[in-house]
Structures are given as C-alpha cells and as structure tokens.
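In: got a structure for you, letters missing:
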C-alpha cells in the first residue's frame, strides 16, 4: 500500500494590488504571485491653496504634513483681521474692515489720519481751539468758525439787566422784572430834576435847562425864577416851541411856577427865561418833571 502526502492549499484572498511590489504571495487562486502595491516611502505634504491628493499605495509612516504657514511667510497675525483665526494664527485687533467707512479728508482733524475703504487719508479739518465770548448787547452774536473746537463758554452779560429795571412780571433774558410801570399823569411827585443854577439878563427868551422825556404822557413841569431888580419871565417850551403859560416874577425873591404839559416820548421839555430889561438879573435854580404816583420807572434824563 502506498501513502500520498499533499501540501496545504492556500486560502487567502489577496490580489497583487494588495501586496507591496517586490514581494510575493499565494492565495486561493495564486501561487507565489508578485505584489503590485506602490511603495511611496515617506510622503511629505506642504499645505497650499490647492487640494493635494495623497498617493495610493504603501506609506512607511515617516511622512509628514507640514505645519500651517510654515511655507507661507504672509501667514502672520498682522495680515489677519481682528477676531479671525487662520490655521491657529489669531488676527491683529487693529486690522479691521474699512469698506463701510464714509469719511473724507474734511471730516478728519488736520494732521490726523484714518483709513477709509483700505485707503489712508490725512485730515484737513481746521482745529479752532476753545470758542469763548461775552455778549454784552441785544442781538450780539459769536461766530464759530467751521471746524473742530474742544468747546468753550458763551456768556451773556447785559448791562442793567436787573429785576429793578424790568417791568413787573416781564421776563427778559431769564430775569423777571419787579419794577412797577406807572402812568405818566401830572402830579407833585418829583421824578427827575435839573438843578444847575443859571443867571442871565437877556431881554429875549433864552434856554436855561431841558429834560428829555422817555415815556409819553401828561407831566407837571415845575421851575423857579428869581430877580434882583425889576422883573423877569419864564415859559415852558417843548422842542423849541412855547407850550406853557408865560409866568412873570415882578417882586423881589424866588417864586416856583408849574404847568401841566402833554408830551411824547423823546420830546425835550425846556425852560426859557428873560429879564424885563438889561439892568435886571434873572436867576433859575431848577427845572423838574413830576407825576401823581411814587417813582417806579425812569421817565426822563437830564440833558442840560
């Protein structure tokens, strides 16, 4: 009897592409077949803008993918917008989007710079410094030139703007008046007086005093005349025209006379006197404007 020994039959499923080139293998269909897998060794990949395919085949495990930016000198923080990170590199906070900016040179202070839509612009806006002024008259203005100012103070200072000089309950420039406005009605309360002594011996009427009226009305105008010898006369004029009675002082001493005169604002109330003859000296001591109520307003100003 003879004994036959058979070799074991291969049962693998590998194909040539599954075995490294230069090596052999057996499978359930192949005996000592040559492998066809490409030996790529150590593959080195440097990232770039384009997709880089990894080659098919065997890799020995020594290949590397280079660090991001290792081959690009522009991948630095200064080239990346703030708030953005690229390959782990954070953007610089001062790098910002300027496409939506609208400023022009005139909107930027002179000698200063700014970026608008990626363009560096140098300002032309004038720097005018502090703008300060004191306004002292009605209607006064302070001109603020075009450009930049850090601020300033404009102060209104109006002379005589006090409560006592403003009619009661009337507000002027934030000041509420307290003065009582009186009607110009003839009476014996003295409002204004011209008290300069005047002496003359003219036989024609000569003006000795005048008071300008600032409020229309009826006033009691008083004056005195004195003579040393013979007699003298006195008459109230308004704007150079006789309006009062001609008063005669024909006895020694001083006599006070009065007339109620109707006048308009701006009128000049005047006293004219004359002597009976050149040998008679006439003297006038005062001219006054009077009303029937206590003084509460300025009714006139002495001009002579």
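Out: Here it is on my side, so go on. Here the structure is a predicted model, which is why all the values come from computation and not from measurement.

In: in contact with the most centrally placed residue in the chain, which residues?
Out: Nearest residue to the geometric centre of the chain (C-alpha atoms, centre = their mean): residue 151, 6.9 Å. By C-beta atoms under 8 Å, 6 or more residues apart in numbering, the residues touching residue 151 are 130, 131. The C-beta positions use only the backbone N, C-alpha and C, and glycine is treated the same way.

In: now do the domain split for this protein, please.
Out: Domains of the chain are assigned by automatic domain parsing as 11-46+55-66, 76-124, 186-302.

In: mind checking which of those is nearest residue 174?
Out: domain 186-302 (21.2 Å; C-beta to C-beta).

In: mean confidence score for that closest one?
Out: Average pLDDT, domain 186-302: 88.

In: same question for stretch 119-127.
Out: Rounded mean pLDDT across stretch 119-127 is 87.

In: could you list the residues in contact with that stretch?
Out: 103-115, 145-148.

In: repeat that for 7 Å
Out: 103, 105-114, 145-148 (C-beta atoms under 7 Å, 6 or more residues apart in numbering).

In: among the residues you listed, name the buried ones.
Out: 108, 114 (16 or more other C-beta atoms under 10 Å).

In: which one of the contacts of stretch 119-127 is nearest to residue 80?
Out: Nearest to residue 80 among those, with distances taken as C-beta to C-beta, is residue 114, at 21.1 Å.

In: mind listing which of the contacts of stretch 119-127 are in helices?
Out: Applying DSSP state H to the contacts of stretch 119-127, no entry is found in helices.

In: narrow the contacts of stretch 119-127 to those in strands?
Out: With strands defined by DSSP state E, the entries of the contacts of stretch 119-127 inside them are 113, 114.

In: let me know the closest of the contacts of stretch 119-127 to residue 203.
Out: The closest of the contacts of stretch 119-127, once distances to residue 203 are taken by C-beta to C-beta, is residue 145, at 67.4 Å.

In: contacting residues for that closest one?
Out: 126, 128.

In: what about the residue nearest to residue 28 when sequence neighbours are not counted, how many neighbours?
Out: Ranked by C-beta to C-beta, 6 or more residues apart in numbering and with sequence neighbours excluded, the top spatial neighbour of residue 28 is residue 11, at 5.1 Å. The number of residues packed near residue 11 is 8, by other C-beta atoms under 10 Å.

In: any idea how far whichever strand or helix holds residue 208 is from the chain center?
Out: Assigned by DSSP states H and E, residue 208 falls within strand 206-213. Computed by C-alpha atoms, centre = their mean, to the nearest Å, the chain-centroid distance of strand 206-213 equals 50 Å.

In: same question for stretch 105-124.
Out: For stretch 105-124, the distance to the chain centre is 23 Å (C-alpha atoms, centre = their mean).

In: same check on stretch 215-224?
Out: Between the centre of stretch 215-224 and the centre of its chain there are 50 Å (C-alpha atoms, centre = their mean).

In: quick revisit: can the domains of the chain go into TSV with extra columns for distance to residue 132?
Out: Converted to TSV, the domains of the chain look like this (distance: least, C-beta to C-beta, whole Å):
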stretch	distance to residue 132
domain 11-46+55-66	66
domain 76-124	20
domain 186-302	34
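
In: return the most buried member of those.
Out: domain 186-302 (a mean of 17; mean count of other C-beta atoms under 10 Å).

In: residue contacts, residue 172?
Out: 161, 166.
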